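> Model the following, please.
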Amino acid sequence: MPLIGKAIAAALRVLSWVGTACILLMMLHVAADVVMRYLFNSPLPGTLNIVSRYYMVAVVFLSLAVAERQDAHISVEILYDRLPAGARRALAPLAWLLTALTFAAIAVRSGEVAWSKTLIRASVDEGTTTIPVWQSYWLVAIGSALVAILALWRLALALLGRPDPHAAAHTENLNE
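Predicted coordinates:
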């Protein structure tokens, strides 16, 4: 079991770095486009499509698992915080199960879409340039699958009575 946890932690570190790199690349790309557009009257072709179909998709979907690990998703805790610790401990595995099922369904469906886009080599026309976009569809499937795997891992730890060493804030909230 520790090997699985280490593999998940390593994957999340990589995703965190990839997300950070995408944000920096997006910032540089947009800044370069603005400079080229207003100083040289020659914008970079495809900036809007590259930003919206690559950078933004990568930042959102590859960062979902990182946010899940850090319990950084939006949650409604009006009732939850008023429950006794035992009830909160019982609800956490249910939440992880629902998260795993939901994101597994998203991963499967988006994987099917990604496969179909790969087969036709989906692309968009940007003036005189064609930008391939089929690769970006895989980012949704990969990010969703990683969230599902992480939620299943957290569920397994909870059912085995083992603490998740990376979720200290969540564990403290359960034990109040």
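> for the record, mean pLDDT for stretch 31-43?
Stretch 31-43 comes out with an average pLDDT of 96.
> Check which residues of it are buried.
Buried residues in stretch 31-43, counted by 16 or more other C-beta atoms under 10 Å: 33, 43. The way it works is simple: take the backbone N, C-alpha and C, and place the C-beta from them, glycine included.
> And the residue nearest in space to the middle of the chain, how far from residue 32?
Note on the chain: the residue nearest the mean C-alpha position is residue 64, at 2.6 Å, using C-alpha atoms, centre = their mean. Distance from residue 64 to residue 32, counting by C-beta to C-beta, to the nearest Å: 28 Å.
> ok, and what's touching stretch 15-24?
The contact list for stretch 15-24 (C-beta atoms under 8 Å, 6 or more residues apart in numbering) reads 54, 55, 58, 59, 62, 63, 65, 66, 143, 146.
> Hmm, residue 120 is touching residue 134, no?
Yes - in this structure residue 120 lies within contact range of residue 134 using C-beta atoms under 8 Å: 7.4 Å.
> what about the helices in the chain?
Taking DSSP state H to define them, one finds helices in the chain at 2-40, 47-50, 56-69, 85-119, 134-159, 168-174.
> would you list those in a markdown table and tack on distance to residue 125?
Formatted as a markdown table, these follow (distance: least, C-beta to C-beta, whole Å):
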| stretch | distance to residue 125 |
| --- | --- |
| helix 2-40 | 18 |
| helix 47-50 | 9 |
| helix 56-69 | 19 |
| helix 85-119 | 16 |
| helix 134-159 | 14 |
| helix 168-174 | 46 |
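> I'd like to know which of those helices has the weakest mean confidence.
Looking at the helices of the chain, the bottom one is helix 168-174 with a mean of 45.
> Could you tell me how many residues sit around the nearest residue to residue 118 once chain neighbours are set aside?
Nearest residue to residue 118, sequence neighbours excluded (C-beta to C-beta, 6 or more residues apart in numbering): residue 134, at 5.0 Å. A total of 17 residues lie near residue 134 under the criterion other C-beta atoms under 10 Å.
> Go through the contacts of stretch 15-24 and name the one nearest residue 91.
Closest approach to residue 91 among the contacts of stretch 15-24 (C-beta to C-beta): residue 65, at 21.1 Å.
> Surely that closest one touches residue 152?
No - counting by C-beta under 8 Å, residue 65 does not reach residue 152; the two are 11.7 Å apart.
> how about stretch 155-164 as CSV, C-alpha atoms only?
The C-alpha coordinates for stretch 155-164 follow below in CSV (Å, rounded to 0.1, in the frame of the first residue of the first chain):
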residue,chain,number,x,y,z
LEU,A,155,-11.6,5.7,0.5
ALA,A,156,-9.4,2.6,0.8
LEU,A,157,-7.3,4.3,3.5
ALA,A,158,-10.4,5.3,5.4
LEU,A,159,-11.9,1.8,5.2
LEU,A,160,-8.7,0.3,6.4
GLY,A,161,-8.5,2.8,9.3
ARG,A,162,-5.2,4.3,8.0
PRO,A,163,-4.6,8.0,8.0
ASP,A,164,-3.9,9.8,4.8
